[in-house]
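Asker: Turn this into a structure:
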Amino acid sequence: MAVWNHLGQCVSDLDRSRQFYESVFGFVVEREIYPPDIPSDRLLGLKAPLGMTACYLRLDSLVLELLYFSEVDLLKSKTRVMNETGLTHLSLSVEDLSDTCARVEKFGGQVIKETDISVGIFVRDPDGQLIELLSTSNHQSLNP
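Answerer: Below is the predicted model:
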């Protein structure tokens, strides 16, 4: 039997991403750690030196680990699409979609306006992570 732990996400600018998730969605920093390069390199399948910082943010029971590497070249990923295998997006319920979208843009994210169906919309964080925003007032209309 497994127990929920966290989701990990690599970011290019830890301060910017931390501010984004705290200011836009209300995540709270739980802790920040600086694991040693060895044995972290082995666990992560990367070559030392890593210079890794792991910042754990919490929103309700969701723990999001922001991973930042100061000594590793980041690989720029292509824009993921919804029918690509693997994790596709995070989904958060918010009280006010338009207010949240305004904060997304203020803190370096992108609102994908063509996805707006009034009860939900997709946005991207500053590194392009796809996030689905669902209105708490109309949440039932998307879920049976």
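Asker: now the helices for this protein?
Answerer: Here the chain has its helices, by DSSP state H, at 14-25, 37-44, 97-106.
Asker: Looking at those helices, which one is packed in the most?
Answerer: Mean neighbour count, computed with mean count of other C-beta atoms under 10 Å, is highest for helix 14-25 among the helices of the chain, reaching a mean of 19. In short, each C-beta sits where N, CA and C put it, glycine included.
Asker: Could you export that helix as PDB, CA atoms only?
Answerer: Provided in PDB are the C-alpha atoms of helix 14-25 (Å, rounded to 0.1, in the frame of the first residue of the first chain):
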ATOM      1  CA  LEU A  14      13.300  29.000  -7.900                       C
ATOM      2  CA  ASP A  15      12.400  32.400  -6.500                       C
ATOM      3  CA  ARG A  16      10.200  33.300  -9.500                       C
ATOM      4  CA  SER A  17       8.400  29.900  -9.300                       C
ATOM      5  CA  ARG A  18       8.000  30.000  -5.600                       C
ATOM      6  CA  GLN A  19       6.500  33.500  -5.700                       C
ATOM      7  CA  PHE A  20       4.200  32.400  -8.500                       C
ATOM      8  CA  TYR A  21       2.700  29.400  -6.600                       C
ATOM      9  CA  GLU A  22       2.500  31.400  -3.300                       C
ATOM     10  CA  SER A  23       1.000  34.600  -4.800                       C
ATOM     11  CA  VAL A  24      -1.300  33.100  -7.400                       C
ATOM     12  CA  PHE A  25      -2.700  30.000  -5.600                       C
END
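Asker: Tell me which other helices or strands that helix touches.
Answerer: Applying 3 or more C-beta pairs under 8 Å, 6 or more residues apart in numbering; DSSP states H and E, one finds that helix 14-25 makes contact with strand 28-33, strand 52-59, strand 62-69, helix 97-106.
Asker: Tell me where the model's unsure across the protein.
Answerer: Applying pLDDT under 70 to the chain flags the ranges 138-144.
Asker: okay, now the domains of it?
Answerer: For the chain, automatic domain parsing gives the domain ranges 7-69, 90-141.
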